[in-house]
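Peer 1: Got a predicted structure plus its sequence, pasted below:
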Amino acid sequence: MIVNPLQMKLSTSVLFLFLTIFLLIAGILLYKDVLDIVIHDARMVVGYMQLAFLLAFLSGITSFVYYAFKKNKRPLSEKLGNLHFLLVLLGIFSLFISVKSTFYTINNAPANEFYVHYFNTELITLIIGFFLVILSVLIFLYAIIKAMKS
């Protein structure tokens, strides 16, 4: 029997596992010296790598928690899990965008333009990403509490 990959339904634990693999690959690729010279300076590459590895570690733990609850016959809600994954993905994306923009602004803007530009867009993006990740953690904790009660 041939399975169409577009019709497969991925569980939340598999989605977080894919996110873990993607973040690990991104962290390794951003650490290379070739990208350091071509794309940006060393501070940004190291910051990206450490941020990617930290988020990959947390994503892997989250994937394991979803899998463990499923194996113990107390699965977490898939709707809440998908919402959790979407918020984490959007939060991580906005955190990466704000880090990239912040380093670009610090290194290439004159001093008087830095504060105006930084505090208008990058800081707002960073705050939005932070609150999206915090909201996703609260949804994750709610899903765990809901599964433990049932």
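Peer 2: Structure's in. What do you need? Keep in mind the model is a prediction, meaning the values are calculated, not measured.

Peer 1: And what about Lys73, helix, strand or coil?
Peer 2: coil (DSSP: H, G, I helix; E, B strand; the rest coil).

Peer 1: same thing with Leu10?
Peer 2: Recorded secondary structure, Leu10: coil (three-state DSSP).

Peer 1: For Phe16, see how far away it is.
Peer 2: Distance, Leu10 to Phe16, by Cβ to Cβ, to the nearest Å: 10 Å. Using the backbone N, CA and C atoms, a C-beta is placed for each residue, glycine as well.

Peer 1: between the two, which one's more packed in?
Peer 2: Between Leu10 and Phe16, Phe16 has the larger neighbour count (other Cβ atoms under 10 Å), namely 26 against 13.

Peer 1: Look up how far Leu58 lies from that one.
Peer 2: The spacing between Phe16 and Leu58, counted by Cβ to Cβ, is 9 Å.

Peer 1: mind listing what's buried in stretch 89-98?
Peer 2: Neighbour counts over stretch 89-98 (16 or more other Cβ atoms under 10 Å) mark 89-92, 94-98 as buried.

Peer 1: Only C-alpha atoms, please: export that stretch in PDB.
Peer 2: Extracted in PDB, the C-alpha atoms of stretch 89-98 (Å, rounded to 0.1, in the frame of the first residue of the first chain):
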ATOM      1  CA  LEU A  89       7.100  28.200  15.600                       C
ATOM      2  CA  LEU A  90       5.900  31.800  15.300                       C
ATOM      3  CA  GLY A  91       7.700  32.800  18.500                       C
ATOM      4  CA  ILE A  92      11.000  31.200  17.400                       C
ATOM      5  CA  PHE A  93      10.700  32.900  14.000                       C
ATOM      6  CA  SER A  94      10.200  36.300  15.500                       C
ATOM      7  CA  LEU A  95      13.000  35.800  18.000                       C
ATOM      8  CA  PHE A  96      15.400  34.900  15.200                       C
ATOM      9  CA  ILE A  97      14.200  37.800  13.100                       C
ATOM     10  CA  SER A  98      14.700  40.300  15.900                       C
END
